[in-house]
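Student: I'll drop the sequence and a predicted model, then ask my questions.
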Amino acid sequence: MKHAIISMSLPEFQSVLTEEFGEQKFRAKQIFDWIYKGASFAEMSNLPKSLRQRLDENFTASDLDIVQKLVENKTNTIKYLLKTKDDIIIECVVLSYEYGNTICISTQAGCSMHCAFCVSGKDGLIRNLTSSEMMSQLICSVADTKQPIGHIVMMGSGEPLDNYDQVADFITRVNAPTTFHIGIRNITLSTCGIIPGIEKLMQDKLFINLSVSMHAPFSDMRQAMMPVERTYPIREVIRICEQYRKESGRRITYEYSVIPSVNDTDACADELQRLLKGSDAHINLIGLNEGSEVYAASEESAVTAFGKKLTQRKLNATVRRKLGSSINAACGQLKSRYIDQSTK
Ligand code: SAH
């Protein structure tokens, strides 16, 4: 089997290249520079042709292969279906904004959180992804788009704080000058509110942007949507997030999918106001995307109307633009249709 360069640090790759292939040490750094720009071995123009050939025969850049690419032209959103070495299909999405490209990556294949509205975790957890597989999602997309990535959001399938060690390793690696060199402040982690994970981020001083999926301000209502509420109630999650904000200096974002007649009442708006008073938090409102069996997709007007209720209560709420829904690339929809098609 070919070695995946992504799974090696620069010193590790240097020893493989010098000891097993008899190459000079400086070549490793040259190759790293190319790989993190998305170049293929053939495109590495400052390497001798013979070396490019040997690399091609013995290595792959990433440990994922692109098996399908779906493009939503209207919004310039691309979804990639990627295959792991053990034949699991995972997904990532590249979103293009005026300020550059953002990649939404998956941190687990499947998810064990069982949120009622989410398709990505419907069948439970398959396995954790490794930090190299997270890095590989970036490699695959830069290799295909030939455009750099400015921001990362961990909002694909999986609960990142349920895979803490690999996610923490990924954050450190992707931030390193020898790889993508993406600033900690350009990385956002979305969580359903795993308190010990938030505490570990503080201990490790990995002060990325934190986005918490709230979706309901009342405990019983949230329990019905998100079983995690029974272990980590939103009230306590908010308390730990306040500590995170103080230590990191980063404002917390709360994600809220508006479900008409369920979580968009005046009582919900009042409770949100009470919970988030003085927190300077930002509330990101989105419509529920289709796919879940429990709830219908929300109309945009319902989302805007609830947003008005929140701003009237002096809360900082914005309605998030919906990208990628035509290719099932929106939030909570990252569960491969590819599998469905190939088994039919
Ligand atoms: N596990 C993490 C990250 C993955 S989900 C988390 O819970 O935050 C990314 C976001 O999509 C979360 O806010 C999640 O609640 C939301 N989401 C899931 N299914 C959705 C759906 N059908 N419509 C809209 N948002 C959804």
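Tutor: On my side now, so go ahead.
Student: hey, let's count contacts and neighbours off CA atoms from now on
Tutor: Noted.
Student: what are the ranges of the helices in this structure?
Tutor: Taking DSSP state H as the test, the helices found in the chain are 10-15, 26-35, 49-58, 131-145, 164-175, 195-203, 219-225, 234-248, 266-276, 300-312, 337-343.
Student: among those, which is nearest the ligand?
Tutor: With respect to the ligand, and counting by Cα to the nearest ligand atom, the nearest of those is helix 219-225 at 9.5 Å.
Student: what about that closest one and the ligand, touching?
Tutor: No: Helix 219-225 lies out of reach of the ligand by Cα under 6 Å from any ligand atom, never closer than 9.5 Å.
Student: Can you pull the residues of this structure lying near the ligand?
Tutor: Residues of the chain lying close to the ligand (Cα under 6 Å from any ligand atom) are 117-118, 155-159, 190-192, 212-213, 255, 257, 287-290, 292, 331-332.
Student: what about 5 Å?
Tutor: Selection of the chain residues close to the ligand by Cα under 5 Å from any ligand atom yields 117-118, 155, 159, 190-192, 213, 288-289, 331-332.
Student: what's the neighbour count on residue 67?
Tutor: Neighbour count of residue 67, defined by other Cα atoms under 10 Å: 12.
Student: mind listing what it touches?
Tutor: Counting by Cα atoms under 8 Å, 6 or more residues apart in numbering, residue 67 touches 80-83.
Student: at 10 Å what do you get?
Tutor: The neighbourhood of residue 67, defined by Cα atoms under 10 Å, 6 or more residues apart in numbering, consists of 80-83, 89-90, 338.
Student: Just the pLDDT for it.
Tutor: pLDDT recorded at residue 67 is 95.
Student: quick one: it from residue 178, how far?
Tutor: Residue 67 is 28 Å from residue 178, where distance means Cα to Cα, to the nearest Å.
Student: quick revisit: separate out the buried members of the contacts of residue 67.
Tutor: Among the contacts of residue 67, the ones that count as buried by 16 or more other Cα atoms under 10 Å are 80-83, 89-90.
Student: Show me the residues you listed that map onto strands.
Tutor: Per DSSP state E, strands hold the following members of the buried ones among the contacts of residue 67: 80-83, 89-90.
Student: any chance of the residues you listed in JSON lines, plus distance to residue 165 and pLDDT?
Tutor: JSON lines is the format used below for these (distance: Cα to Cα, whole Å; pLDDT from 0 to 100):
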{"residue": "80", "distance to residue 165": "25", "pLDDT": "96"}
{"residue": "81", "distance to residue 165": "24", "pLDDT": "95"}
{"residue": "82", "distance to residue 165": "22", "pLDDT": "96"}
{"residue": "83", "distance to residue 165": "22", "pLDDT": "96"}
{"residue": "89", "distance to residue 165": "22", "pLDDT": "94"}
{"residue": "90", "distance to residue 165": "19", "pLDDT": "95"}
